[in-house]
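Undergrad: prediction below, plus the sequence it came from.
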Amino acid sequence: MIDLQIEASRTTRQFWSGHVRQLIQILDLDDRIAAPEISESLATFCEQHSHMPNHALFLLMARSFCAIGDAEAAIQILQHDHLYRAHAQEWVGVLSAKYPFPELYPLFSSRVLYPLHLHTVGESCTWELDLEKIHLSAADRHELILMQTLRILVEKVSNVWKKTDGEGTLAVKGLPRLDAFLYSHSEQNLLDYLRDVLCCCARKNGWASTPAVLLLDL
């Protein structure tokens, strides 16, 4: 008797394995020594996730090549996606850094956190945090819980400045969205709070600099 669950799992795995191999061929990376292992590793990951858009898969693929020191392959992958292309070097910088990537992957793949070029801050490493794209449950909207959530979120985000020793800028978008849930905090209070969190991260990591905080909302 055929086990339908096992058969469905095998079919899903074969689909993702073929899809990843095809992408690697399109990207002209099939001659890389680690390509077969990376293909199977990504296929296994995709098998366990029902929704895996190509932009998220490209990011995982780039991270995999960065992990083995092949930044050239990672840039080749990132330049294939128009949303990564303009900031390929910045992406490789964070994908090559030693930090808990799984913690930031959900923010990267959902495009809640992404690099940004701002002439007003010069060449510093700027990352935009889009709070409008973060889902808030009814429980999350309680003021004390929301402040704790912001602290944990910014602590995770701070990892993108490990390679620059804390030099860079956090550009925050969507802060006014939180006004309705934060009765005792003004917009300036929130910005000061985010700066305090980043100062604590800088001290904890022994950075020479502390990331600046910039509000993008008008």
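TA: Nice, I can see it.

Undergrad: can you count the residues close to I33?
TA: 9 (other Cβ atoms under 10 Å). Where you see a C-beta, it was placed from the backbone N, CA and C, and this is true even at glycine.

Undergrad: cool, and the one 5 residues further on?
TA: Close neighbours of I38, defined as other Cβ under 10 Å, add up to 23.

Undergrad: from C200, how far off is it?
TA: With distances taken as Cβ to Cβ, to the nearest Å, I38 is found 36 Å from C200.

Undergrad: domain parsing for this protein?
TA: Annotated domains of the chain cover 1-96, 103-218 [automatic domain parsing].

Undergrad: can I get those domains in CSV including mean pLDDT?
TA: Listed next are those as CSV, based on pLDDT from 0 to 100:
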stretch, mean pLDDT
domain 1-96, 84
domain 103-218, 85
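
Undergrad: what segments of this protein are strands?
TA: For the chain, the strands defined by DSSP state E cover 113-116, 126-130, 169-173, 212-215.

Undergrad: can you lay out these as a markdown table showing mean neighbour count and distance to A43?
TA: Shown next, in a markdown table, are these (neighbours: other Cβ atoms under 10 Å; distance: least, Cβ to Cβ, whole Å):
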| stretch | mean neighbour count | distance to A43 |
| --- | --- | --- |
| strand 113-116 | 19 | 26 |
| strand 126-130 | 21 | 30 |
| strand 169-173 | 21 | 35 |
| strand 212-215 | 17 | 40 |
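
Undergrad: and those as TSV, adding distance to D31?
TA: Converted to TSV, these look like this (distance: least, Cβ to Cβ, whole Å):
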stretch	distance to D31
strand 113-116	29
strand 126-130	33
strand 169-173	39
strand 212-215	43
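
Undergrad: grab the nearest non-local neighbour of D81.
TA: Distances taken as Cβ to Cβ, 6 or more residues apart in numbering place F58 nearest to D81, at 5.0 Å, with adjacent residues excluded.

Undergrad: so who does the one you found touch?
TA: Residues in contact with F58, defined by Cβ atoms under 8 Å, 6 or more residues apart in numbering, are 23, 77-78, 80-81, 84.

Undergrad: any idea how far it is from S17?
TA: With the distance defined as Cβ to Cβ, F58 ends up 17 Å from S17.

Undergrad: next: E187.
TA: Going from E187 to S17 by Cβ to Cβ gives 49 Å.

Undergrad: who has more neighbours, the two?
TA: For E187 versus S17, the count of surrounding residues by other Cβ under 10 Å is larger for S17: 17 against 14.

Undergrad: now the spatially most central residue of the chain: closest residue in space, sequence neighbours ignored.
TA: Centroid check for the chain by Cα atoms, centre = their mean gives F108 as the closest residue, at 2.3 Å. Counting by Cβ to Cβ, 6+ apart, F108 lies nearest to L59, which is 5.8 Å off, once chain neighbours are set aside.

Undergrad: so that neighbour sits right up against S109, yeah?
TA: Yes. With contact defined as Cβ atoms under 8 Å, L59 counts as touching S109 (6.1 Å).

Undergrad: quick one, which of the two is more surrounded?
TA: The neighbour comparison of L59 against S109 (other Cβ under 10 Å) goes to L59, with 22 against 18.

Undergrad: ok, that one to Y99 distance?
TA: Counting by Cβ to Cβ, the gap from L59 to Y99 is 15 Å.

Undergrad: one more: S109?
TA: Counting by Cβ to Cβ - S109 and Y99 are separated by 16 Å.
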